[in-house]
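K.L.:
my questions are about this predicted structure, shown below with the sequence.
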Amino acid sequence: ILRVNPSCIVILEPDLWPNFIRLSVQNNIPVFLLNARKQSYGGKSRFQHYLSHNMLHKLAFIYTQSDSERSNFINLGCSPDKILSTGNMKLDVIQDVKEENNHLSTLISSSDKHDFTWVCGSLHLGEELIVAKVLSRFKVDSFIRTIVVPRYPKDAPQMKKTFLENGITSTIFSKKDKSDPFGTVIIYDLLGNLKALYRASDFSLVGGSLVFRGTGKEGHNIMEPASLAKPVIFGPYLGTFKEFALSLIASKGGFMVKNEHQLEEIIIFLTRDHKVIKKSGANAYQNLLCQQGASEENLNHILSILN
């Protein structure tokens, strides 16, 4: 710390180091916590509670992701005068939909015979069963093309088995022969192209949210499809994405489903007309834009304190 001698130290959630913060403050270096959420700062044991309470009081200022998170820090004993709710900085690093290139147009073009294409992104084992049960109720194969992207590519064979058990043909993308036709479901088991798939789809389902996998493991990035003006479907297990999910629901750009019956209802609603999808996608995108600006607000506030 003394060798670098910074004017200040900025820490982004969620990791904090008590000794690092203590030494910084002892050397008159202010420490700021940005994009803060409660995490486990409260501590379960008396020692943990003392350690986190003492550490948080040494921070020069805390900038939280939401008003509810600000209340959480106040309940931990932090001074309200040193906490500001500025929003989620992750929303500021989302690329504009117009600047995103679609690298998988050839894959999506195979869906031309289908009326709609949806992408089920970052699915965990067990979540594909919910999708399979819904698809098994749709009688016309040409109605909707489904692209499933497993969170872990190694799960692709098991997901293929699940679809088959529900009477649905599927194709694992990496194992497809060029001459072979795609199945009703494409299981895309390659890494790095999820956002491009979202962009080329009509609407999306974000996994990690349909089946509870344990505290701290809930949800995946629902901001990505929203940033591409796509309607977003998700389950009830959202973790740190809960606040944004609620705003999506309020703006009618996102839809929460708790079982396969609700998922079926939302798919039927969205596929009534492409205009419905376009309107919902625009709502999701505008909702995201309205919540940007936390990074600039945090920076300006920190500079005002340092000055």
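P.N.:
On my side now, so go ahead. Residues are numbered from 1 along each chain as shown.
K.L.:
would you mind confirming that residue 84 is in contact with residue 60?
P.N.:
No - using CB atoms under 8 Å, residue 84 is not in contact with residue 60, being 11.7 Å away. Every C-beta, even on glycine, is put in place using the N, C-alpha and C of the backbone.
K.L.:
what helix or strand does residue 33 sit in?
P.N.:
Here residue 33 is covered by strand 31-36, with elements defined by DSSP states H and E.
K.L.:
repeat for residue 70
P.N.:
helix 67-75.
K.L.:
partners of the helix or strand following that helix, with directions?
P.N.:
Sequence order places strand 83-85 as the next helix or strand after helix 67-75, per DSSP H and E. Within its sheet, and counting by DSSP bridges, strand 83-85 is paired with strand 61-64 (parallel).
K.L.:
for the closest residue to residue 125 other than its chain neighbours, what are its contacts?
P.N.:
Nearest residue to residue 125, sequence neighbours excluded (CB to CB, 6 or more residues apart in numbering): residue 155, at 5.3 Å. Residue 155 makes contact with 123-125 under the criterion CB atoms under 8 Å, 6 or more residues apart in numbering.
K.L.:
those residues in helices, which ones?
P.N.:
Using DSSP state H, the subset of the contacts of residue 155 located in helices is empty.
K.L.:
quick one: classify residue 261 as helix, strand or coil.
P.N.:
helix (DSSP: H, G, I helix; E, B strand; the rest coil).
K.L.:
what's the angle between the strand holding residue 33 and helix 67-75?
P.N.:
Following axes from the mean of the first three to the mean of the last three CA atoms, to 10 degrees, one obtains 140 degrees for the angle between strand 31-36 and helix 67-75.
K.L.:
what's the average pLDDT for strand 31-36?
P.N.:
The pLDDT scores in strand 31-36 average 94.
K.L.:
show residues contacting it.
P.N.:
Contacts of strand 31-36 (CB under 8 Å, 6+ apart): 8-13, 16, 21, 24-25, 58-65, 69, 73, 88-90, 294, 298, 302.
K.L.:
tell me the buried residues in that strand?
P.N.:
31-36 (16 or more other CB atoms under 10 Å).
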